[in-house]
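Asks: one predicted model, sequence on top.
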Amino acid sequence: MPRRRFRLLCLALLLISGAFAFWLYLHRDRVTQSAFDSIEVGVPLDDVQALLGRGPDYVWKTLGRVESPDVFVTNNDPKVQAEMKHRMHHLYQWNSSELSGVVVVDEAGQVVCRYRSEPVDEPWYVRFLQTVKRSVGRQ
């Protein structure tokens, strides 16, 4: 009898582990370099969120100027802002294990610039908890 219980326990643990691995696979982060690089200027923010599979991690707005599709310039000096004709933009940041990417959106909700940098170094358990929170938020 104890041997049968042990086998059932092992089978149960195997099934639970398999279900957990499948859940992790379904909720993997789609914020990758290739996905982020495919974002084009002029697309609506909703399309970006659909492409990346989730909403941004951080949102803020600031005065700045778009110099190119991957360069956004800011300056805190009001004189410089006036001279360089800085306008208000919304910035949306996504973090993943591959990158930290920012999309700059104009007043019309269209992407005017995007840039990326090295990923934010977060412990594995923080990324795991963020994944759990995102998946619960979807339901």
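Replies: Arrived safely.

Asks: just give the number of residues close to Tyr125.
Replies: If you count neighbours by other CB atoms under 10 Å, Tyr125 ends up with 8. Where C-beta positions appear, they are placed from N, C-alpha and C, glycine not excepted.

Asks: may I have the phi/psi pair for it?
Replies: Torsion angles at Tyr125 (phi, psi; degrees, to the nearest 10) stand at phi -70, psi -30.

Asks: can you check the one 10 residues further on too?
Replies: For Ser135, the backbone dihedrals (degrees, to the nearest 10) come out as phi -70, psi -30.

Asks: relative to Arg127, how far out is it?
Replies: Computed as CB to CB, to the nearest Å, the Ser135 to Arg127 distance reads 13 Å.

Asks: what's the answer for Ser100, then?
Replies: As judged by CB to CB, Ser100 and Arg127 stand 13 Å apart.

Asks: got it, and Asp46?
Replies: Here the criterion is CB to CB. By it, Asp46 lies 25 Å from Arg127.
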